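Visitor: The sequence isn't on hand, but the structure is:
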């Protein structure tokens, strides 16, 4: 685990403007910087970056966060990857706390070794007419082959001897380039294959996929799991496709390397492929961070249908309301490569536009083999749907699918939820934000803005302070966090800590409200003033309750009333 103190220190040392400008140009606008938002399409800039507060906020789509959050959202990196990437950019190493989970430290020379192998395979491709003709026969240009770093591994047992200083180096086995056989004999894993480098989101080669030129098994040979390469976390072509995925707000997930490259050759540059494994929840989560629509494109045969269902099962817990997941099944005789070559880009993208929504695919499969005219069929539907529906955490999607399955089974939504023993999603819950808004006085919202600007002010709150509604709960959580954190706590560290939590949206709203406060804004005076107002309101409320008793007040209550009256007089005098 990465120590929390390191995250805070890293955010204190980074400049979010420098970080974001690696990915998109920013323009100075008063005290802040602006740009057209990279997370949604817009013509006028609503994406605002505060250098003094070290966070970004988009007034168009609501995207917000710190330097770490931006790198995660823009590149698809996981949290640890983003922290490591940012730490490397300022020349510091990421420490690790003691953990029961084994930590794998990757030596930099392993990446260098993979890059050397990539150069070697690319050079061999240029010297091998047979491999060049194969790629030309698949319709690939030299430009696209170069973009994906495609190469060729010659048909020999120890090709890499000429590419590395020491063929006996243990790193060759560690990275999966070489296999150690019996009696210390070694040989190259990849021989007589077209080589597709697998690149992570940082642009580093972490593995290879090798495809046979002629007939042979296996058709595709992938690097094994290594310290660099974890199949369930990586996607082929994502590094090359990121810009197009952002622009189109769509990504296609296909099954093979050649599918990705062939689609790019025909202008469909937003495709990625899984790496010899089923789609994982991590894949889905990574892609939904990058865009609004994910389309799984599989062959229409039985293996394709099986792969699609696995993708659906792993996607359900990752669903996000407002984002779309679809399924496109091509005719059995086609894969994306052959389809786009035969029918062209326009026809392929037309098929994408008409892909089957996840909800439609789910309901189609659930009802395919049951007779809904019988009790047994409806019972089977409810049984088969249970693990799928209970896996969905996106509220709106869960609600709509529960309603549809309940209607098909001839039961009410409430009966379905009782049968599954799951928490109901009903109209009263949707009214909760309105109730919270009424319960939270405006003073709390102003107080929260001050605390976003200067989190350490929360330490000056009275011990008995409590606030109602979402703002009050967020302030209480902030106080708890400060009590556990280091003495110096920045706005960026606070935002990063609450990102993705129950209180995250409350702090995000406050970010948007304070981002335009100027450099000369007196936060301390605003904080002092709002604390007086909150205290004054509390006194007046308590006095009103006591006065309502009239003659029924006892002696202690009369003393309390007089104390409150004197305190209120002093507060009013301070304001005056």
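Guide: Yep, that arrived. Worth saying up front: this structure is predicted, and the values here are computed from it rather than measured.
Visitor: And the residue lying closest to residue 15 once chain neighbours are set aside, how far from residue 65?
Guide: Excluding its sequence neighbours, the residue lying closest to residue 15 (Cβ to Cβ, 6 or more residues apart in numbering) is residue 51, at 6.9 Å. No exception for glycine: its C-beta is placed from N, CA and C like everyone else's. From residue 51 across to residue 65, the span is 15 Å (Cβ to Cβ, to the nearest Å).
Visitor: between the two, who's got more neighbours?
Guide: Neighbour totals were compared for residue 51 and residue 65, and residue 65 leads with 22 against 15 (other Cβ atoms under 10 Å).
Visitor: So for that one, what's the nearest residue that isn't a sequence neighbour?
Guide: Leaving aside its sequence neighbours, residue 65 sits nearest to residue 499 (Cβ to Cβ, 6+ apart; 5.9 Å).
Visitor: The one you found against residue 63, yeah?
Guide: No - contact criterion Cβ atoms under 8 Å: residue 499 and residue 63 do not qualify, at 11.5 Å.
Visitor: picking up where we left off before, where's the residue nearest to residue 65 relative to residue 11, distance?
Guide: Per Cβ to Cβ, residue 499 is found 12 Å from residue 11.
Visitor: more neighbours, these two?
Guide: residue 11 (23 against 18).
Visitor: so which helix or strand takes in the more buried one?
Guide: Using DSSP states H and E, residue 11 falls within helix 4-13.
Visitor: Could you list every helix and strand that the helix or strand just after that helix packs against?
Guide: Once the chain leaves helix 4-13, the next helix or strand it forms, by DSSP H and E, is helix 16-21. Helix 16-21 is packed against strand 32-35, strand 47-50, strand 55-58, helix 67-75, with contacts defined by 3 or more Cβ pairs under 8 Å, 6 or more residues apart in numbering; DSSP states H and E.
Visitor: Let me know the distance separating the residue nearest to residue 15 from residue 555.
Guide: Separation of residue 51 from residue 555 (Cβ to Cβ): 59 Å.
Visitor: And for residue 96?
Guide: Here the criterion is Cβ to Cβ. By it, residue 96 lies 63 Å from residue 555.
Visitor: the more surrounded of those two?
Guide: Remark: of residue 96 and residue 555, residue 96 carries more neighbours, 14 against 7, as counted by other Cβ under 10 Å.
Visitor: quick one: that one and residue 1 touch, right?
Guide: Yes - here residue 96 reaches residue 1: they are 6.7 Å apart, a contact under Cβ under 8 Å.
Visitor: contacting residues for the nearest residue to residue 179 once chain neighbours are set aside?
Guide: Leaving aside its chain neighbours, residue 179 sits nearest to residue 189 (5.3 Å; criterion: Cβ to Cβ, 6+ apart). Residue 189 sits next to 176, 177, 178, 179, 210, 221, 223 when contact means Cβ atoms under 8 Å, 6 or more residues apart in numbering.
Visitor: Could I have the buried ones of the residues you listed as ChimeraX selection syntax?
Guide: Typed into ChimeraX, the line below selects the buried ones among the contacts of residue 189, using 16 or more other Cβ atoms under 10 Å:
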select :176,177,178,210,221,223
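Visitor: Which one of the contacts of residue 189 is nearest to residue 114?
Guide: residue 177 (7.8 Å; Cβ to Cβ).
Visitor: who's in contact with that closest one?
Guide: Neighbour list for residue 177: 113, 114, 117, 160, 188, 189, 190, 208, 223 [criterion: Cβ under 8 Å, 6+ apart].
Visitor: just checking, the third one touches residue 163?
Guide: Yes - contact between residue 117 and residue 163 holds when scored by Cβ under 8 Å: they sit 6.1 Å apart.
Visitor: So which of these two has more stuff around it?
Guide: residue 117 (26 against 19).
Visitor: What helix or strand is the more buried one located in?
Guide: Applying DSSP H and E as the criterion places residue 117 in helix 108-126.
Visitor: Name the residues contacting each of residue 499 and residue 11.
Guide: residue 66.
Visitor: before we move on, the earlier item: mind putting the contacts of residue 177 in a markdown table, pLDDT and distance to residue 81 included?
Guide: Output for these, formatted as a markdown table (pLDDT from 0 to 100; distance: Cβ to Cβ, whole Å):
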| residue | pLDDT | distance to residue 81 |
| --- | --- | --- |
| 113 | 94 | 20 |
| 114 | 95 | 17 |
| 117 | 96 | 22 |
| 160 | 95 | 28 |
| 188 | 96 | 29 |
| 189 | 96 | 26 |
| 190 | 96 | 26 |
| 208 | 97 | 20 |
| 223 | 95 | 19 |
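Visitor: Point out the other helices and strands that the helix holding residue 117 packs with.
Guide: Right, helix 108-126 is packed against helix 129-137, strand 151-153, helix 170-174, strand 193-199, strand 205-212 by 3+ Cβ pairs under 8 Å, 6+ apart.
Visitor: Which neighbours in the sheet does the fourth one have, and how are they oriented?
Guide: Read that as strand 193-199. Each strand that pairs with strand 193-199, with its direction, by DSSP bridges: strand 151-153 (antiparallel), strand 205-212 (antiparallel).
Visitor: Excluding its own residues, what touches the last one? List them.
Guide: Applying Cβ under 8 Å, 6+ apart, the set of residues contacting strand 205-212 from outside is 111, 114-115, 117-118, 121, 149, 153, 176-177, 189-190, 192-200, 218-223, 226, 228-229, 234, 236, 257-258, 275-276.
Visitor: Following the chain onward from that strand, which element is next?
Guide: Once strand 205-212 ends, the next helix or strand along the chain (criterion: DSSP H and E) is strand 220-222.
Visitor: which outside residues touch that following strand?
Guide: Counting by Cβ under 8 Å, 6+ apart, 189-190, 193, 207-211, 231, 256-257, 275-276 sit against strand 220-222.
Visitor: do stretch 558-570 as well
Guide: Residues outside stretch 558-570 that contact it (Cβ under 8 Å, 6+ apart) are 536, 539, 540, 542, 543, 546, 547, 553.
Visitor: What's the per-residue pLDDT of the fifth one here?
Guide: Among the per-residue scores, residue 543 holds a pLDDT of 82.
Visitor: How about it: what's its closest non-neighbour residue?
Guide: Leaving aside its sequence neighbours, residue 543 sits nearest to residue 564 (Cβ to Cβ, 6+ apart; 5.1 Å).
Visitor: Can you list the buried residues in the helix or strand hosting that neighbour?
Guide: Counting by DSSP H and E, the element that carries residue 564 is helix 555-575. For helix 555-575, the neighbour count (16+ other Cβ under 10 Å) marks 561, 564, 568 as buried.
Visitor: Which single one of those is nearest to residue 58?
Guide: If you rank the buried residues of helix 555-575 by distance to residue 58 using Cβ to Cβ, residue 568 comes first, at 43.0 Å.
Visitor: Outline the domain layout of the protein.
Guide: As assigned by automatic domain parsing, the chain contains the domains 4-89, 108-229, 233-363, 369-430, 440-575.
Visitor: Look at residue 267 and say how many residues are nearby.
Guide: 13.
Visitor: what about it, distance to residue 273?
Guide: When distance is defined by Cβ to Cβ, residue 267 is 18 Å away from residue 273.
Visitor: can you check residue 555 too?
Guide: Computed as Cβ to Cβ, the residue 555 to residue 273 distance reads 81 Å.
Visitor: what does residue 561 give?
Guide: According to Cβ to Cβ, residue 561 and residue 273 sit 74 Å apart.
Visitor: just residue 5 next, same as before
Guide: Residue 5 sits 39 Å away from residue 273, going by Cβ to Cβ.
Visitor: swap in residue 525?
Guide: 58 Å.
Visitor: which SSE is residue 340 in?
Guide: Assigned by DSSP H and E, residue 340 falls within helix 336-343.
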